[in-house]
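S.K.: sequence first, then the predicted structure, then my questions.
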Amino acid sequence: AGYANWQAGWSEPKKQWCCTKMGRGCMPKPPPDPFNCAVNFLTWGTTWTAAKKAWCCKIHGKGCGTPAPVPTYDCNAGFANWQAGWSEPKK
């Protein structure tokens, strides 16, 4: 089959060879992700838009459901001895 019908007419080995050697018959690349689901993942419940939550949940399984509450800490309490006195999450 000719190039006009390469997607349906060419075998996979021919597609791979022609793409590698000639730059023809290459499958189009998918569009880039509209959201980076790693950015602000630790605070997704409060920092992500509804659209980002829906997309990241559907595509990557991240940001689904109800987020766990983010612990709040009083950074003035025990500050003089923070290295020994604060818990690891508070540090």
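M.R.: Done, it's in. Residues are numbered from 1 along each chain as shown.
S.K.: mind checking which helix or strand of this protein has the lowest mean pLDDT?
M.R.: Using mean pLDDT, DSSP states H and E, the weakest-scoring helix or strand in the chain turns out to be helix 82-85, at a mean of 86.
S.K.: residues making contact with that one?
M.R.: Here helix 82-85 makes contact (C-beta atoms under 8 Å, 6 or more residues apart in numbering) with 78, 91. Any C-beta I mention is one placed from the backbone N, CA and C, and that applies to glycine too.
S.K.: please compute how far it lies from its chain's middle.
M.R.: 35 Å (C-alpha atoms, centre = their mean, to the nearest Å).
S.K.: residue 56 versus the spatially most central residue of the chain, what's the distance?
M.R.: For the chain, the residue sitting closest to the mean C-alpha position, by C-alpha atoms, centre = their mean, is residue 37 at 3.6 Å. From residue 37 across to residue 56, the span is 4 Å (C-beta to C-beta, to the nearest Å).
S.K.: many thanks, have a good one.
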